[in-house]
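J.: here you go, sequence then predicted model.
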Amino acid sequence: MKIQGQELPAGRYGLWTIPQENDPWQIIFVSEWDEHHSYFSRDTEVMRVEDHAVRGAHMEVLAFYFPVVGLYNTTLRVHWGEVIVPLQIEVGR
């Protein structure tokens with residue numbers, strides 16, 4: 001699968017974000033998917049992608065969802081408050 005155009009090997013991953021107010025957010029996939037989320041080691045980083053946050057309707061809880069799923073692509077939305085970070089996902093044909 002590709003996320004934001006970058007290849008992500010099959011596996012289980014932890015997900016970290018580095019929010020930015022005016023710059024793209026950094027979304028980081030790490031191999032230690034079951035570690036306590038107070039910090040992560042750069043040694044476990046598998047992939048890092050970026051995208052700008054957009055404003056949307058207020059969401060009281062953190063949500064990960066796919067608003068539309070196509071045959072070979074979708075968008076994963078990371079949504080909390082009025083902040084949405086959309087990640088483009090593609091799968092092989």
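T.: Sure, I can see it. Residues are numbered from 1 along each chain as shown.
J.: buried residues, the helix or strand where Thr17 lies. List them.
T.: Taking DSSP states H and E as the criterion, the element that holds Thr17 is strand 14-18. By 16 or more other C-beta atoms under 10 Å, the buried positions in strand 14-18 come out as Gly14, Trp16. C-beta: built from backbone N, CA, C; applies to glycine.
J.: other SSEs contacting that strand?
T.: Under the contact criterion of 3 or more C-beta pairs under 8 Å, 6 or more residues apart in numbering; DSSP states H and E, strand 14-18 touches strand 25-30.
J.: what's the angle between the strand it packs on and strand 14-18?
T.: Regarding strand 25-30 and strand 14-18, their directions subtend 160 degrees when assessed with axes from the mean of the first three to the mean of the last three C-alpha atoms, to 10 degrees.
J.: who are the packing partners of strand 25-30?
T.: Packed next to strand 25-30, using 3+ C-beta pairs under 8 Å, 6+ apart, are strand 14-18, strand 45-51, strand 73-90.
J.: bridge partners for Ile18, pull those for me.
T.: Under DSSP bridges, the beta-bridge partners of Ile18 are Gln26.
J.: now that it has come up, it's in contact with Trp25, right?
T.: Yes: Ile18 is within contact range of Trp25, at 6.5 Å (criterion: C-beta atoms under 8 Å).
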